[in-house]
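*Asks:* quick one, what's the 3D model for this:
(chains A and B)
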Amino acid sequence: MTQLRPVRGTHDLLGEELRRHRKVAKEAQSTAALYGFEEIATPIFEFVDVFKRTLGDVSDVVTKEMYAFTDRGGESLVLRPENTAAVVRAMLTNGLTQTLPQKLFYYGPMFRYERPQKGRQRQFHQIGVELIGAPEPEADIECIALGHHILTRLGLGDVVSLELNTLGNPESRKAYRTALVSYLSGFKDKLSSESLERLERNPLRILDSKDPEDRQIVDGAPIVLDYLNPESRSFFEKVKEGLHQLGLPYTLNPRLVRGLDYYNHTAFEFVTSALGSQGTVMGGGRYDGLMRVMGGPDIPGVGWAAGVERLAMLLADVAAATRPVALIPIGERAEGAASVVAAELRHAGIAVELAYKGKPAARLKKADKANAGIAIFLGDDELDKNVARLKNLDDGVEEEMALSQLVEQLLARGLGSLDRSSP
RNA sequence: GCGAGCGUAGCUCAGUUGGUUAGAGCGCCAGUUUGUGGCACUGGAGGUCGUGGGUUCGAUCCCCAUCGCUCGCCCCA
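*Replies:* Next up, the predicted model:
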């Protein structure tokens, strides 16, 4: 019994939940394609350095959340905690830096060793995009627009809102950091213990502390916007203007920061209040410094990642894919004939539910449970005449149909067809 | 790593102020005579009452421990 449970923080995906999950991944992939993003699939584990070098020593993702292990060859490996670094690694590995910009979409599992709670698991899934090799603010705008487009197609346009901030270029970010630390240092006796620690490691993080007292202090803190140099300011203005032109509403949130070190300029999140304390559903920004940190050329990038489970939780139920056709043989002679007919229908692309045993009544019950739209009776009477008896399971109306007409007629009516999902 | 709540059938939950064979609804299986479902009726399967220990004549119920789940903090998608 204790052996037969999933590992903490992992879940089996099935039924309704899996359908929602799949819908998120599918809509995201096809929408991304409209923007010219092509899918890339990288391994789910990498050498530990791929993440250690990029995420920085201050990030919790590295210091305590990585699923790291040594394989039999003595290599230090890690189940990927996020995918941006892996995608960038793949670009360098495959020489994609020669053809820029690269627009890449991904979907897959990520792993972080943390305490599970609502909207947080140890194995979870992300969709994400990386637009690499474009320093222009237009790239940021396109990424955000794509994210918004996906959320809208998922029916979450009203559930989720966009928050926007900038960290400025490295020079501005540094200047702001200095100012912030100097301000916060005046409150050392009042800050929460967590924030005191962050003051050393990652002071920007204090800005989004949930501690009430921290928030009061933060309310009086200097804000990034006042420390932007002309270049950073102009970049941010262009991003905002672009969003405005596209009619994408956003809220400026000067306390919005990114956890990871290599971010600069644009930072954004799509958030919701419907998920408890894990409100961020999609987060991203610009990471111009990343490629170089990884030992590659100085190539800028921008992108985002979104939690599939979080999005799936927000989705309304997704209908089961197809209503099959139920084939019901009556009598021994019909059993054989039915499996031949079933094969014929299936090869024509029609989903067929074929019970293995039971009286007609029992098989009809099974047909109901399989959500069949129509039942096809095949008995001696019918076989003698080369016909089948069709029964519409919604209104009970029956009709006789020549066996030779079956495929054509079912297709014409869209019955059992996989490409037509019923409501 | 820290804090809080919760663990009784596949699911949602009753229950005993400690006392014979632990219940309901839903779901599942079968039947209600000959080749027709959804409804109804009847019957059935399914529980070491999370696990281990303690108190007691007796524990699912009280106590302790442990494991697990959930939610929150940290952090993040």
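
*Asks:* for the stretch 301-423 of chain A, which spans come out with low pLDDT?
*Replies:* Within the stretch 301-423 of chain A, the segments meeting pLDDT under 70 span A:321, A:418-423.

*Asks:* from RNA strand B, how far out is A:L104?
*Replies:* The gap separating A:L104 from RNA strand B is 16 Å, by C-beta to the nearest atom of the strand, to the nearest Å. C-beta here means a position set from N, CA and C on the backbone, and glycine is covered the same way.

*Asks:* contact partners for A:L354?
*Replies:* A:326-327, A:338-339, A:342 (C-beta atoms under 8 Å, 6 or more residues apart in numbering).

*Asks:* scratch that, A:V87
*Replies:* Contacts of A:V87 (C-beta under 8 Å, 6+ apart): A:40, A:42, A:104, A:106, A:130.

*Asks:* circling back to that earlier point, out of the contacts of A:L354, give me the two with the largest separation.
*Replies:* Taking C-beta to C-beta, the two most distant members of the contacts of A:L354 are A:A326 and A:S339; they sit 13.8 Å apart.

*Asks:* and these two? which has more neighbours close in?
*Replies:* More crowded of A:A326 and A:S339, by other C-beta atoms under 10 Å: A:A326, with 27 against 15.

*Asks:* helix or strand for that one, which one?
*Replies:* strand A:325-329 (DSSP states H and E).

*Asks:* hey, where'd the strands end up in the stretch 151-300 of chain A?
*Replies:* All strands of the stretch 151-300 of chain A, identified by DSSP state E, counting those that start in this stretch, fall at A:161-166, A:251-252, A:264-271, A:280-286.

*Asks:* shaky segments in chain A?
*Replies:* A:1-3, A:55-63, A:259-261, A:321, A:418-423.

*Asks:* can you list the domain ranges for it.
*Replies:* A:2-169+A:229-314, A:325-413 (automatic domain parsing).

*Asks:* between the two ends of the last one, what distance do you get?
*Replies:* Okay, so that is domain A:325-413. 12 Å (C-alpha to C-alpha, to the nearest Å).

*Asks:* stretch A:70-80 too?
*Replies:* 14 Å.

*Asks:* so is that stretch next to RNA strand B?
*Replies:* No: judged by C-beta under 7 Å from any atom of the strand, stretch A:70-80 makes no contact with RNA strand B; its nearest approach is 11.9 Å.

*Asks:* next one: stretch A:81-100
*Replies:* Yes: Stretch A:81-100 reaches RNA strand B (C-beta under 7 Å from any atom of the strand) through A:E82.

*Asks:* and that stretch, which residues are buried?
*Replies:* A:81-91, A:96-97 (16 or more other C-beta atoms under 10 Å).

*Asks:* what's the closest of the residues you listed to A:V352?
*Replies:* A:N83 (39.7 Å).

*Asks:* list the contacts for that closest one?
*Replies:* With C-beta under 8 Å, 6+ apart, A:N83 has these contacts: A:42, A:106, A:108, A:110, A:126, A:128, A:305.

*Asks:* neighbours around the fifth one, how many?
*Replies:* One way to gauge burial is a neighbour count; for A:Q126, by other C-beta under 10 Å, it gives 23.

*Asks:* grab the nearest non-local neighbour of it.
*Replies:* Of all residues not flanking A:Q126 in the chain, A:A305 sits nearest, at 4.7 Å (C-beta to C-beta, 6 or more residues apart in numbering).

*Asks:* before we move on, the earlier item: make a markdown table out of the buried residues of stretch A:81-100 and add distance to A:A412.
*Replies:* Listed next are the buried residues of stretch A:81-100 as a markdown table, based on distance: C-beta to C-beta, whole Å:
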| residue | distance to A:A412 |
| --- | --- |
| A:P81 | 51 |
| A:E82 | 49 |
| A:N83 | 45 |
| A:T84 | 49 |
| A:A85 | 52 |
| A:A86 | 48 |
| A:V87 | 46 |
| A:V88 | 51 |
| A:R89 | 52 |
| A:A90 | 47 |
| A:M91 | 49 |
| A:L96 | 47 |
| A:T97 | 53 |
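
*Asks:* out of those residues, the closest to A:L246 would be?
*Replies:* A:T84 (24.2 Å).

*Asks:* spit out the contact partners of that closest one.
*Replies:* Here A:T84 is in contact with A:54, A:128, A:130, A:287, A:290, A:301, A:303, A:305 (criterion: C-beta under 8 Å, 6+ apart).

*Asks:* ok, back up a step: just the closest of the buried residues of stretch A:81-100 to RNA strand B, please.
*Replies:* A:E82 (5.5 Å; C-beta to the nearest atom of the strand).

*Asks:* buried deepest among the domains of chain A, which one?
*Replies:* domain A:2-169+A:229-314 (a mean of 18; mean count of other C-beta atoms under 10 Å).

*Asks:* I'd say A:L204 and A:V181 touch.
*Replies:* No: A:L204 is beyond contact range of A:V181, at 9.7 Å (criterion: C-beta atoms under 8 Å).
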